[in-house]
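Colleague: Fold the following for me, if possible:
(one chain, ligands or ions: 2)
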Amino acid sequence: MRNEYRSHYVSELASVPEGSEVEVAGWVHETRNIGKIIFLLLRDHSGIVQVTAKEGTSDPQVMKAMDLPKESVVTIRGRIKKNPQVRNGFELLPVRVIDLNPLERSMPFEVTGKVPAELDVRLNYRYVDLRRKETTAIFNIQSAVLHGFRNFAAKNGFQEIRPPSIVEAATEGGADLFQIGYFEKKAYLAQSPQIYKQLAVIGGMDRVFMTVPVFRAEKHNTIFHLNESTQMDIEMGFADHNDAIAMLKKAFSSILDAVLKESAADLETLGVEFQKSRVKDVTYKKAISKLAANGSKIEFGQDFSRDDETMLTRLYGDAIIVKEYPTSIRAFYSMPNSGDPEVSNSYDLIYKGLEISSGAQRIHKPSLLIGALEKRGLDPKEFEFYINAFRMGAPPHAGWSLGLERITMKLTGSTNIRECAMFPRDRERLTP
Ligand code: ATP
Ligand code: MG
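Modeller: Ligands and ions are numbered 1, 2, ... in the order given. A predicted model of the protein is given here:
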């Protein structure tokens, strides 16, 4: 696309005949001035091209204009010249160089990665950090994850919905909420779209999906938790946990396919290799007895520790669905199993030792729901709006939620979830 600044992206130059004049726009990645010759590497989002000016051949004005600090934004017009010594096999001989916005400050760190920078500094200047190829690769992969999820949804008849993020009350109890002022009232930022996707299914939409921000005022700073994260969610009507688990496996497979297909180069940039692992399922009861046999102290009624999750990976492989957790440790709305009410029709997907998804068949019977609330010491009166929804034709239903940053973390080999949120929110960080 030709405009005022460019005629081609760098990646398009390979097919341009030698001698043609082109215009590229981007950042000065590197420069090298060896007196009679100046090399400048221009980087745009598609690649890097070498621009070479030589005393005697290039216009002296152009030579002067090439003397730019790294990360200057420029548009350069030049002629394509074959050169087998250059990595793309050609270079650009400049005829015009324009600095579009001279730098006013020095760079906080090296975009080329020659000098490693601390995560905190990179996050403070995320707009600079995004120019690093490793950071670009992470967000390319994240975009492929979202494509994979949407492909799955489209193929399996899920309709996209937009639940609200401002809610009147907690839907799950437990997790801490962010309170906000809402005109004369108090309101909260939603910790999950749970209730709204259920209402959509009760409303007759058989299968719904959504990608939504969720907000959790978790006070602890961990490498696995953000205070604002993104969930990829589904809910389906006339379904139990096994139906939803089958869909979770399909979604996971579709996401891995999309990443392998769209982001092979990004995986290479990050030095990550992965095979499409088969997802194994195991019941909670079987899993804890196997863990116990391998030295874990876990007992029925306890959640897996991080060490347990790591051990599960060793025992069962990279991708495991653990199902039928004890009813007492799951959200109150999880359906108790009809054959064994001590456990619920709930499940988690653990990938490379980290929980990336949770789900359950939901209780759709008001009396059961009231009992479940009371058992947890919660007042059913405070959940009246929710319970009433099950009194006017609510079918059995089930669903799950997949954490976008968590799955991105595991697919990119990142050690801190903040790497996988473009502008992460944690206890300390509200900017940029
Ligand atoms: P955990 O026990 O690991 O804190 P959770 O069980 O409280 O997570 P769920 O309510 O099951 O989380 O949320 C669904 C999914 O959303 C999780 O499986 C995870 O992938 C992701 N997720 C949950 N909380 C966070 C968070 N604070 N930061 C990033 N991702 C999160
Ligand atoms: Mg969970």
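
Colleague: drop to CA atoms for contacts and neighbour counts, all remaining ones
Modeller: Fine.

Colleague: At the contact with ligand 1, which residues of the stretch 201-350 of the chain appear?
Modeller: Residues of the stretch 201-350 of the chain found near ligand 1 (CA under 6 Å from any ligand atom) are 225-227, 229, 231.

Colleague: Name the member of these that has the highest neighbour count.
Modeller: residue 226 (25 neighbours; other CA atoms under 10 Å).

Colleague: any idea of the pLDDT on the residue of the stretch 1-150 of the chain found nearest ligand 1?
Modeller: In the stretch 1-150 of the chain, the residue that lies nearest ligand 1 is residue 145 (13.3 Å; CA to the nearest ligand atom). Note on residue 145: pLDDT of 98.

Colleague: Likewise for residue 411?
Modeller: 98.

Colleague: Distance of it relative to ligand 1?
Modeller: The gap separating residue 411 from ligand 1 is 13 Å, by CA to the nearest ligand atom, to the nearest Å.

Colleague: what would the residues of the stretch 201-350 of the chain next to ligand 1 look like in a markdown table with pLDDT and secondary structure?
Modeller: Below are these laid out as a markdown table (pLDDT from 0 to 100; DSSP: H, G, I helix; E, B strand; the rest coil):
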| residue | pLDDT | secondary structure |
| --- | --- | --- |
| 225 | 96 | coil |
| 226 | 97 | coil |
| 227 | 97 | coil |
| 229 | 98 | strand |
| 231 | 98 | strand |
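
Colleague: In TSV: the residues you listed, plus distance to residue 301.
Modeller: Output for those, formatted as TSV (distance: CA to CA, whole Å):
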residue	distance to residue 301
225	23
226	26
227	27
229	28
231	26
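
Colleague: quick one, what contacts the residue of the stretch 1-150 of the chain closest to ligand 1?
Modeller: 255-256, 258-259, 404, 408 (CA atoms under 8 Å, 6 or more residues apart in numbering).

Colleague: try 10 Å this time
Modeller: 139, 151, 251-252, 254-260, 262-263, 404-405, 407-408, 411 (CA atoms under 10 Å, 6 or more residues apart in numbering).

Colleague: Just to be sure, which of these are found in strands?
Modeller: Of the positions in these, not one sits in strands, assigned by DSSP state E.

Colleague: Tell me the buried residues within the residues you listed.
Modeller: Among the contacts of residue 145, the ones that count as buried by 16 or more other CA atoms under 10 Å are 139, 251-252, 254-260, 262-263, 404-405, 407-408, 411.

Colleague: What segments of the stretch 301-432 of the chain are helices?
Modeller: For the stretch 301-432 of the chain, the helices defined by DSSP state H, counting those that start in this stretch occupy 306-316, 366-375, 384-388, 404-412.

Colleague: Please identify the most buried of these.
Modeller: Of those, the one with the most neighbours on average (mean count of other CA atoms under 10 Å) is helix 404-412, at a mean of 24.

Colleague: what's it packed up against?
Modeller: Where contact means 3 or more CA pairs under 10 Å, 6 or more residues apart in numbering; DSSP states H and E, helix 404-412 is packed against helix 133-155, strand 207-215, strand 228-237, helix 241-262, helix 264-270, strand 346-351, strand 354-362.
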